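All I have is the shape, not the residue letters:
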């Protein structure tokens with residue numbers, strides 16, 4: 001089978017460079033096979049400084065270092081490629097961008113954040129259904145080797161709870177936990193699955209602590225750090241003991257593990273992450289943001 005011709009939309013994130021490098025550079029130790037980024041549309045959000053400050057440099061690197069053809073529109077990319085990586089760093093753009101490219105009926109990976117509201121998320125899912133075009137979204141942390149290894153430890157019985165931690169920068173343009181908190185929250189959902197019921201948040205300048213209750217009574221927490229400790233990790237509580245998840249630099253890069261899953265999704269059209277789970281994560285973050293602002297425990301709607 002020939003390599004998939006992958007198109008990329010949105011070159012204003014470090015993910016654009018990292019993903020292209022893993023897919024296009026066969027000398028990489030963790031080179032991901034069966035697909036290459038062949039063309040891209042830079043995009044960019046004029047009102048988002050973090051987007052515009054990086055757009056030119058990343059576009060130049062992707063074009064010159066990895067021989068990617070830069071196109072004038074996202075429609076040109078969608079027409080010519082077999083599959084699409086929607087990488088725009090600004091989650092507020094994803095819904096409008098999806099509306100423009102989904103008529104081409106190519107499988108689409110939408111990087112985090114999928115959307116910044118459950119209203120938009122529902123409409124994006126409806127678009128996928130209307131055009132019978134598969135979409136997928138996931139944080140790379142879901143596929144980290146350290147997490148996968150502990151999750152496979154069935155010897156200790158069922159999972160009864162989890163405590164996750166990670167860096168949690170807050171940006172004005174990406175409200176609350178939609179920016180960096182989404183990665184640690186997705187780790188929690190990877191461990192406990194869908195079924196979240198209620199969430200409460202305690203916060204100060206340096207840290208956030210989310211406590212969530214699932215419908216079956218399990219409890220999960222997320223500790224977000226803005227001061228010290230930039231490592232991701234978790235303690236997973238089983239019926240017969242607790243296992244610590246350590247996500248370290250010397251493990252296989254979780255970007256490579258994510259891309260392997262994405263390429264398989266591009267081939268078979270089946271996302272390893274249920275779109276209903278993606279929607280629940282968006283609803284969960286909305287609710288957690290509401291709790292963070294109000295100081296109250298909020299039931300998911």
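Ah, there it is. The model shown is predicted, which means the values in this text are computed figures rather than measured ones. Numbers count the residues shown, from 1 in each chain.

Now the strand or helix carrying residue 18: buried residues?
Element membership of residue 18, judged by DSSP states H and E, is helix 14-24. Judged by neighbour count (16 or more other Cβ atoms under 10 Å), helix 14-24 contains these buried residues: 15, 16, 17, 19, 20, 21, 22, 23, 24. Where you see a C-beta, it was placed from the backbone N, CA and C, and this is true even at glycine.

ditto for stretch 223-243
223, 224, 225, 226, 232, 233, 234, 235, 236, 237, 238, 243.

now those in a markdown table, with pLDDT and secondary structure?
Formatted as a markdown table, these follow (pLDDT from 0 to 100; DSSP: H, G, I helix; E, B strand; the rest coil):
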| residue | pLDDT | secondary structure |
| --- | --- | --- |
| 223 | 98 | strand |
| 224 | 97 | strand |
| 225 | 97 | strand |
| 226 | 96 | coil |
| 232 | 95 | coil |
| 233 | 96 | strand |
| 234 | 97 | strand |
| 235 | 97 | strand |
| 236 | 97 | strand |
| 237 | 96 | strand |
| 238 | 95 | strand |
| 243 | 95 | strand |
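
Distance to residue 28 added to those residues, as TSV?
Formatted as TSV, these follow (distance: Cβ to Cβ, whole Å):
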residue	distance to residue 28
223	33
224	31
225	30
226	32
232	22
233	26
234	28
235	32
236	31
237	36
238	35
243	30
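
Show me the two of those residues that sit farthest apart.
226 and 238 (30.3 Å; Cβ to Cβ).

Closest to residue 252 out of the buried residues of stretch 223-243?
Distances from residue 252 to the buried residues of stretch 223-243, taken by Cβ to Cβ, are shortest for residue 232, at 14.4 Å.

just to revisit the earlier point, the helix holding residue 18 packs against which elements?
strand 4-9, strand 35-41, helix 49-66, helix 254-268 (3 or more Cβ pairs under 8 Å, 6 or more residues apart in numbering; DSSP states H and E).

how does it look with 6 Å?
strand 35-41, helix 49-66, helix 254-268 (3 or more Cβ pairs under 6 Å, 6 or more residues apart in numbering; DSSP states H and E).

Of these, which stretch is the most buried?
Burial of these is given as mean neighbour count (mean count of other Cβ atoms under 10 Å); strand 35-41 ranks first at a mean of 22.

relative to helix 254-268, how tilted is that one?
Angle between the axes of strand 35-41 and helix 254-268 is 90 degrees (criterion: axes from the mean of the first three to the mean of the last three Cα atoms, to 10 degrees).

Strand 35-41 pairs with which strands, parallel or anti?
strand 4-9 (parallel), strand 69-70 (parallel) (DSSP bridges).

Return the distance of it from the chain's centre.
19 Å (Cα atoms, centre = their mean, to the nearest Å).

Next, the angle helix 14-24 makes with it.
Using the same axes, to 10 degrees, strand 35-41 lies at 140 degrees relative to helix 14-24.

Please consider this matter closed, and thank you.
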